[in-house]
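Asker: only geometry, no sequence info:
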């Protein structure tokens, strides 16, 4: 085992890559994760994203070693650690409720790991001082966690991970207990720690805006399986399936029956594809009103309006009764009950197979 | 908004609980204090004020010295042992072992029995020759011991009964406390490299401290308060080796019918319990809680 505390802080132990291969986890007979595989390079920031109950926290606990896998491999820098104990995986973890020891002072909380690893007192004090300076915790060191605000507690939890100088850090929804302003603040702090210290971060969240804004790569999970793995841009611009399309983006992608849509001559699909075989996916913010000669158009009745400041959401009902949401940026808002036609371009259109929800790639 | 009670009704509501308190707590305590300053009356001589005469007798009472020593040993041994045992049992029933419900039930069972019944059961356990304890000893080829009949084993035998009776109740408190410790604190310690023993002493035990203080204070007071098993099993004997303070008060007052000296001993007892109660409030008022 390497001794992280022996290297000087800042140019910490060289960052490590993480790879997960065919990972499985079942509790009794219920399989909560099946065949999960992804990898992230050294110093990267990977987010596990998904709705609650999709298995993302379970996956993080498997990587940490707090739970045992039911199959598959976890490789840290190419070494399979799936049978190695949590303490020997040389990784740190930030927990959702911070998991600060309530009976210890901030200083003792931050230095707990160093004490366990028997780092001598002078070196320990020096490291704690450096990290608490970095996290702005200097004046709080003698307090107890309950005397700190949520944001300060979160900084302590981060400091506790940083002080151990672990090259791989796991974070389990670390921002979910903070208010919106603090969240964006700490979000950028985490991101800059990741970049400046070269720490590889695996980050769990159910908040897609966190995932898209912070990550180098995102693994989108659905019911224990990977729905899509790619860069944030991939996920947003080319969803791999209907789940991905409807999970990413607010409001979600409209999934339309081709029968509701006035289609152009050439869709770029295979000749054999029948109208009943696929769905059309289109994001509310890529639709325009009025349609103005767009390639695709849809006519529907305005059910209601939702004013959101930068846009107004038009809730439409198509001829078949399907609900459509359009994010309209202009001021000329139609009245509820009016019949309107909205349009969008070829580029904004995604096709999904009706059978399995997978995206259908177009011939260019 | 609180509605004003009519004065008459308020008075009635106050008088009812106050009269109970006065009749059964305050009046007896004051009466005992007064009685302790007078000597006993007899058919041909009325009671006479003797000042601190009875208290001088306290200082010269060799049996009292023995009884106080017994009580102190009893408290010092039963409190930590009951605490240790109940933490151990709570950890056991809180674990993921099979059959924890059965353990919970059997550990808690002694608590539900009245102490008098427990004492009678243990009389059989301790019975020389035929009792469970003797049979276990003979299974190992050891001679039978008359636990209750020897001066060097009688007090220890009483302690065992008390611990057996009390640990189950304290286990419930510890179980509740254990279940309220967030699992991620233990996870965090494990990730830092702490083994399970280290996790217990660094994380679990400190978080159990409020419970431990509560349990310790209760166990301490029970050590002075509960003597049913002594009355049933040894009557303080042999040779006062298992007599505790409250049992001695009972014996002097109702056995010897020495009411004046009984009252004096009662005052001593109330003073000791008062000091323990003050200690309890002092400890509990200090920061025993973290959140």
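Answerer: Happy to help now that I have it. Since we're looking at a predicted model, the values are computed, not measured.

Asker: hey, let's count contacts and neighbours off CA atoms from now on
Answerer: Noted.

Asker: Could I get the full set of helices for the stretch 51-200 of chain B?
Answerer: B:53-60, B:62-93, B:100-112, B:115-126, B:132-139, B:154-179, B:183-191, B:196-199 (DSSP state H, counting those that start in this stretch).

Asker: which SS class is residue A:317?
Answerer: Counting by DSSP: H, G, I helix; E, B strand; the rest coil, the backbone at residue A:317 sits in strand.

Asker: That one contacts residue A:326, doesn't it?
Answerer: No - look at residue A:317 against residue A:326 with Cα atoms under 8 Å: they stay out of range, at 10.9 Å.

Asker: Could you show which parts of the stretch 101-250 of chain B are in contact with chain A?
Answerer: Counting by Cα under 8 Å from any Cα of the partner chain, the residues of the stretch 101-250 of chain B close to chain A are B:182, B:184-185, B:187-194, B:203, B:206-207.

Asker: make it 10 Å
Answerer: Residues of the stretch 101-250 of chain B lying near chain A by Cα under 10 Å from any Cα of the partner chain: B:182-195, B:198, B:202-203, B:206-207, B:209.

Asker: Buried only: go through those residues for me.
Answerer: Buried subset of those (neighbour count, 16 or more other Cα atoms under 10 Å in any protein chain shown): B:184-194, B:202-203, B:206-207, B:209.

Asker: Once you drop chain neighbours, what's closest to residue A:39?
Answerer: For residue A:39, ignoring the flanking residues on the chain, the nearest one in space by Cα to Cα, 6 or more residues apart in numbering or on different chains is residue A:19 at 4.1 Å.

Asker: Over to residue A:143?
Answerer: Using Cα to Cα, 6+ apart and skipping residues adjacent in sequence, the residue nearest residue A:143 is residue A:105, 5.3 Å away.

Asker: quick revisit: which neighbouring elements make contact with the strand or helix carrying the residue nearest to residue A:39?
Answerer: Element membership of residue A:19 [criterion: DSSP states H and E] is strand A:18-27. Applying 3 or more Cα pairs under 10 Å, 6 or more residues apart in numbering or on different chains; DSSP states H and E, we find strand A:18-27 packed against strand A:30-40, helix A:56-64, strand A:71-76, strand A:79-80, strand A:200-205.

Asker: Which one of the residues in chain A is closest to chain B?
Answerer: residue A:87 (4.4 Å; Cα to the nearest Cα).

Asker: Can you tell me the centre-most residue of chain A?
Answerer: With distances taken as Cα atoms, centre = their mean, chain A has residue A:211 as the residue nearest its mean C-alpha position (3.2 Å).

Asker: That one looks like it's in a helix, true?
Answerer: Yes - counting by three-state DSSP, residue A:211 is located in a helix.

Asker: who's in contact with it?
Answerer: A:45-50, A:203-205, A:217-220, A:231-232, A:248 (Cα atoms under 10 Å, 6 or more residues apart in numbering or on different chains).

Asker: try residue A:105
Answerer: By Cα under 10 Å, 6+ apart, the contact set of residue A:105 is A:111, A:140-147.

Asker: Please pick the buried ones from these.
Answerer: With neighbours counted by 16+ other Cα under 10 Å, those contain buried members at A:111, A:140-141, A:144-145.

Asker: which ones among those come in contact with chain B?
Answerer: Restricting the buried ones among the contacts of residue A:105 to those near chain B - Cα under 10 Å from any Cα - leaves A:144-145.

Asker: would JSON lines of the buried ones among the contacts of residue A:105 with distance to residue B:93 and secondary structure be doable?
Answerer: Formatted as JSON lines, these follow (distance: Cα to Cα, whole Å; DSSP: H, G, I helix; E, B strand; the rest coil):
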{"residue": "A:111", "distance to residue B:93": "33", "secondary structure": "helix"}
{"residue": "A:140", "distance to residue B:93": "39", "secondary structure": "helix"}
{"residue": "A:141", "distance to residue B:93": "37", "secondary structure": "coil"}
{"residue": "A:144", "distance to residue B:93": "31", "secondary structure": "coil"}
{"residue": "A:145", "distance to residue B:93": "30", "secondary structure": "helix"}
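
Asker: hmm, back to that, so residue A:317 and residue A:326 - more neighbours on which side?
Answerer: Set residue A:317 next to residue A:326 and count neighbours by other Cα atoms under 10 Å in any protein chain shown: residue A:326 wins out with 25 against 19.

Asker: Sheet-wise, list the partners of the host helix or strand of the more buried one with their directions.
Answerer: Assigned by DSSP H and E, residue A:326 falls within strand A:323-328. Strand pairing for strand A:323-328, determined by DSSP bridges: strand A:312-318 (antiparallel).

Asker: from the chain's centre, how far out does the strand it pairs with sit?
Answerer: Counting by Cα atoms, centre = their mean, to the nearest Å, strand A:312-318 is centred 28 Å from the centre of its parent chain.

Asker: Can you give the contact residues for that strand?
Answerer: Contacts of strand A:312-318 (Cα under 10 Å, 6+ apart): A:251, A:256-257, A:259-261, A:284-285, A:289, A:298-307, A:322-331, A:333-342.

Asker: Recalculate using a threshold of 6 Å.
Answerer: Strand A:312-318 has contacts (Cα atoms under 6 Å, 6 or more residues apart in numbering or on different chains) with A:300-306, A:323-328.

Asker: Quick one: name the residues of the stretch 51-200 of chain A near chain B.
Answerer: For the stretch 51-200 of chain A, the residues found near chain B under the criterion Cα under 6 Å from any Cα of the partner chain are A:86-87, A:99, A:113, A:146.

Asker: buried stuff in the lengthiest helix in chain A?
Answerer: With secondary structure taken from DSSP state H, chain A has its longest helix at helix A:180-197. When burial is assessed from 16+ other Cα under 10 Å, helix A:180-197 yields the following buried residues: A:183, A:186-187, A:190-191, A:193-194, A:197.

Asker: export the residues you listed to TSV and tack on pLDDT?
Answerer: What follows is those, written out as TSV (pLDDT from 0 to 100):
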residue	pLDDT
A:183	85
A:186	85
A:187	88
A:190	89
A:191	90
A:193	86
A:194	89
A:197	87
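
Asker: Could I get the pLDDT score of residue 182?
Answerer: In the absence of a named chain, this looks at chain A. Residue A:182 is assigned 82 on the pLDDT scale.

Asker: The chain in question should be chain B.
Answerer: As predicted, residue B:182 sits at a pLDDT of 90.

Asker: One more: residue B:259?
Answerer: At residue B:259, the model reports a pLDDT of 86.

Asker: burial count for it?
Answerer: By other Cα under 10 Å, neighbour count at residue B:259 equals 21.

Asker: Assign the nearest residue to it once chain neighbours are set aside to helix, strand or coil.
Answerer: Spatial nearest neighbour of residue B:259, excluding adjacent residues (Cα to Cα, 6+ apart): residue B:253 at 5.1 Å. The three-state label for residue B:253, taken from three-state DSSP, comes out as helix.

Asker: Sweet, I'm off.
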